[in-house]
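[1] Any chance you can model this:
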Amino acid sequence: MQKQIIIGNLGNDPEIRTMNGTDREVATFSLASNDRRKKSDPTTWFRVNAYGNNARTCFERLSKGDKVFVEGPLKASAYMKNGEPQYSLTIDATNVHFIQTKGKNASAPATAASAAPAATSDEQDASQPPF
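    Sure thing, here's the model as predicted:
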């Protein structure tokens, strides 16, 4: 078993859709992360998929620029685009915690001390896998 923990900022507003053949929702957003201690480190982009209760909460509360903590397994894939190799990193989020939001429905920004967590995988329907 492997799990990644990423803290970063949303690169876009979450998009939500219903998975084919089910009523299960999935929210998707990009997340930018880097090591601020080293100015030369490039930004790494991740695609995040949140499912079930996480999906609805992320869609309703998050917006571009918000800082979040994401935890879940990492999937890496490679593909060709215009003859050039491209790489993609995707995290299927099991936990999403809001660190600092200006969010769609937030009346005031959350701070690290008062961060509002999204639903965890334990609160999702246990009969359905997260991916």
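
[2] Give me the distance between the residue nearest the centre of the chain and F69.
    Taking Cα atoms, centre = their mean, the centroid of the chain lies closest to V48, which sits 3.8 Å from it. V48 sits 11 Å away from F69, going by Cβ to Cβ, to the nearest Å. (Glycine included, C-beta is placed from N, CA and C.)

[3] Overlap in contacts, the two.
    V96 (Cβ atoms under 8 Å, 6 or more residues apart in numbering).

[4] hmm, what's the outermost residue in this protein?
    The chain, farthest from centre, Cα atoms, centre = their mean: G83 at 29.1 Å.

[5] Do you know the pLDDT at that one?
    pLDDT recorded at G83 is 94.

[6] Q100 versus that one, what's the distance?
    For G83, the distance to Q100 - Cβ to Cβ - is 40 Å.

[7] Go through the helix or strand that contains A27 and flag the buried ones.
    In this assignment (DSSP states H and E), A27 forms part of strand 25-33. Residues of strand 25-33 classed as buried: 25-29, 31, 33 (neighbour count, 16 or more other Cβ atoms under 10 Å).

[8] Adjacent strands (with direction) for it?
    Paired with strand 25-33 in the same sheet, following DSSP bridges, are strand 4-10 (antiparallel), strand 15-18 (antiparallel), strand 44-51 (antiparallel).

[9] which outside residues touch it?
    6-19, 43-52, 54-56, 58-59, 62, 68, 70, 91.

[10] just the buried members of those residues?
    Looks like those have 6, 8-11, 13-14, 46-52, 54-56, 58-59, 62, 68, 70, 91 buried, using 16+ other Cβ under 10 Å.

[11] Show residues contacting the helix or strand harbouring V68.
    Here V68 sits within strand 67-72, counting by DSSP H and E. By Cβ under 8 Å, 6+ apart, the surrounding residues in contact with strand 67-72 are 3-10, 31, 46, 48, 62, 91-101, 130.
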